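K.L.:
Any chance you can model this:
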Amino acid sequence: MLGAERATRRGAVLLEALVALMILAVAGVSLIALAADSARTVEHVRQSEAELRAATTFMDAVALWPRADLDRHLGDRAERAWNLRIDRPTPTLYVAVLRDSAGTHEILRTMLYRPEAHASP
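P.N.:
Got it, this is the predicted structure:
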């Protein structure tokens, strides 16, 4: 009877060891997947930041356009990797909207004031 108990105990210890190894394996795979997902997220954030920086630089240039250039660019047009839409809701106010190339995601929007040119006497 003593030999049967030892064999049962050895079998139970082996089973416990296999279960422990499975738990460690699942935890290890989960940590690796989490690390890979975090790396993808960081790369996506870096790409988004670079795109926003480039878009901001372009919009800074648009903000310097004189009234005549803004009038020439009224409406939708492709500009580099984006779509630029310029509207003039009032005679002195312009709205510039920069969207992604598909036109679905608005990246930046700004309002620009340009006074009307007055004829000098």
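
K.L.:
For V97, what is the enclosing helix or strand?
P.N.:
Assessed by DSSP states H and E, V97 sits inside strand 93-100.

K.L.:
Report all helices and strands that that strand contacts.
P.N.:
Counting by 3 or more Cβ pairs under 8 Å, 6 or more residues apart in numbering; DSSP states H and E, the packing neighbours recorded for strand 93-100 are helix 2-63, strand 82-90, strand 106-113. To be clear about C-beta, it is placed using only N, CA and C from the backbone, and glycine gets the same treatment.

K.L.:
Columns mean neighbour count, distance to L98 and mean pLDDT on top of those, output as JSON lines?
P.N.:
Formatted as JSON lines, the helices and strands packed on strand 93-100 follow (neighbours: other Cβ atoms under 10 Å; distance: least, Cβ to Cβ, whole Å; pLDDT from 0 to 100):
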{"stretch": "helix 2-63", "mean neighbour count": "11", "distance to L98": "6", "mean pLDDT": "89"}
{"stretch": "strand 82-90", "mean neighbour count": "16", "distance to L98": "5", "mean pLDDT": "95"}
{"stretch": "strand 106-113", "mean neighbour count": "14", "distance to L98": "5", "mean pLDDT": "94"}
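
K.L.:
closest one to R72 among those?
P.N.:
Closest to R72 of the helices and strands packed on strand 93-100, according to Cβ to Cβ: strand 82-90, at 9.2 Å.

K.L.:
What strands flank that closest one, and is each parallel or antiparallel?
P.N.:
Strand 82-90 sits in its sheet next to strand 75-79 (antiparallel), strand 93-100 (antiparallel), going by DSSP bridges.
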